[in-house]
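how would this look folded up:
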Amino acid sequence: MASLLRAYNSALIRRPMLAQCLTGGILFGAGDFIAQQAVERRGLSDHDLSRTARLTFYGGCLFGPTLTKWYQFLGRIQFASPTKAVIYRVWLDQALLTPASIPFFFGAMSILEGKPHDAIPRITSAYVPTLLRNWCVFLPTQIINFWLVPPHLRFVVVSVVGLFWNTYLSIANREHSRQHVEANPTVLPVVDEKDAVP
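As a prediction, the model looks like this:
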């Protein structure tokens, strides 16, 4: 196990983009797996593989590169003291990146699900509650992250905490998608076998 961690640490230093994109993909996919199996209790036979694939793609191909570049940008900014560095990095992260990443997530999920018309209503209904919950989780996480964690491991810390956050996002995305279908009966829903009336 120690050798595996050393190899991963080395990959984060030598190939940060690749390592962090793989990490993002795996943890977003795992978050959806947890959402479907532990929270929704769908069972393996009813597991929505395309939903997990969409979240994995988002984590590896959209979230991973964006966050990797963001942390590289934050790491290049010089501050007068370590305390100011933590305060301003957390502020930039939570005041700039987070408010933009929430509509990006729900918009991307709408498009990946083949429902681009659903993007604006989904973003509108999900934005404020998701933002407030994000701040509750990631303000303390990022204070610790920027204060104590070496720069090449910051993405990993966010991703591990994000495993539980990704579970929430998967459930929230599914719920807001369903709300849009219920509010617009002319939109034909994708019927889940588990939810079908026998």
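
can you give me the helices for the protein?
2-14, 16-34, 49-57, 64-76, 82-92, 98-112, 119-148, 154-183 (DSSP state H).

how about the shortest one: buried residues?
Just to be clear, that refers to helix 49-57. Neighbour-count burial for helix 49-57, counted by 16 or more other C-beta atoms under 10 Å, picks out 51-52, 54-57. (Each C-beta comes from the backbone N, C-alpha and C, glycine too.)

elements contacting that helix?
In terms of contacts (3 or more C-beta pairs under 8 Å, 6 or more residues apart in numbering; DSSP states H and E), helix 49-57 is packed against helix 16-34, helix 98-112, helix 154-183.

cool, the first one as well?
Under the contact criterion of 3+ C-beta pairs under 8 Å, 6+ apart, the helices and strands touching helix 2-14 comprise helix 16-34.

cool, and the second one?
For helix 16-34, the packing partners by 3+ C-beta pairs under 8 Å, 6+ apart come out as helix 2-14, helix 49-57, helix 64-76, helix 154-183.

for the protein, what helix or strand is lowest in average pLDDT?
Within the chain, no helix or strand scores below helix 154-183, which has a mean of 78 by mean pLDDT, DSSP states H and E.

show me the shaky parts of the protein.
Scanning the chain for pLDDT under 70 picks out the ranges 179-198.

still on that earlier bit, how about the helices of the chain, which one is nearest Glu40?
Glu40 lies closest to helix 154-183 among the helices of the chain, at 7.3 Å (C-beta to C-beta).

what comes up buried for the closest one?
In terms of neighbour count (16+ other C-beta under 10 Å), helix 154-183 has its buried residues at 154-159, 161-162, 165-174, 176-177, 180-181.
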